[in-house]
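>>> Sequence plus the predicted model coming up.
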Amino acid sequence: MTEIKASMAGNVWKITVDEGEKVESDQDVVILESMKMEIPIASETDGTVKELKVSEGDFVNEGDVIAVIE
């Protein structure tokens with residue numbers, strides 16, 4: 001299991017995957033918005049999205065778990 005974590009603090013602007021969806025390494029999972037910039041957060045590994053820990057509009061801090069890939 002791999003945890004995808006926020007690389008910086010910001011708002012969850014868009015979630016680009018659904019739970020149960022297969023993802024590939026370097027595929028964007030979530031796009032954060034911080035200081036009017038969009039920051040894509042990508043999966044570090046191939047797998048299936050087991051759990052999304054955030055919803056669109058949520059605020060995350062650096063290091064918060066965004067999703068779990070299995």
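Sure thing, it's come through.

>>> can you pull out the strands in the protein?
2-5, 10-15, 22-23, 28-34, 37-42, 47-52, 59-60, 65-69 (DSSP state E).

>>> Contacts only, for Ser25.
Ser25 makes contact with Ala42, Ser43, Glu44, Thr45, Asp46, according to CB atoms under 8 Å, 6 or more residues apart in numbering. To be clear about C-beta, it is placed using only N, CA and C from the backbone, and glycine gets the same treatment.

>>> Lowest pLDDT pick from those?
Taking the contacts of Ser25 together, the minimum pLDDT is found at Glu44 (91).

>>> Return the distance of that one relative to Phe59.
23 Å (CB to CB, to the nearest Å).

>>> again with Gly20
25 Å.

>>> who's more crowded, these two?
Neighbour tally, Gly20 and Phe59, criterion other CB atoms under 10 Å: the higher count belongs to Phe59, 13 against 9.

>>> Make sure Ile41 is actually in contact with Ile31.
Yes. In this structure Ile41 lies within contact range of Ile31 using CB atoms under 8 Å: 7.2 Å.

>>> hmm, back to that, pull out the buried residues from the contacts of Ser25.
Ser43 (16 or more other CB atoms under 10 Å).

>>> Pairing partners for the closest residue to Glu44 other than its chain neighbours in the sheet, please.
Among residues not flanking Glu44 along the chain, Thr2 sits closest, at 5.9 Å (CB to CB, 6 or more residues apart in numbering). Thr2 has these beta-bridge partners by DSSP bridges: Ile69.

>>> just Leu32 next, same as before
Going by DSSP bridges, Leu32 forms beta bridges with Val12, Ile39.

>>> residues contacting it?
Contacts of Leu32 (CB under 8 Å, 6+ apart): Ala6, Met8, Gly10, Asn11, Val12, Trp13, Glu38, Ile39, Pro40, Ile41, Val60.

>>> closest to Ile69 among the residues you listed?
Here the nearest of these to Ile69, counting by CB to CB, is Ile41; it sits at 11.8 Å.
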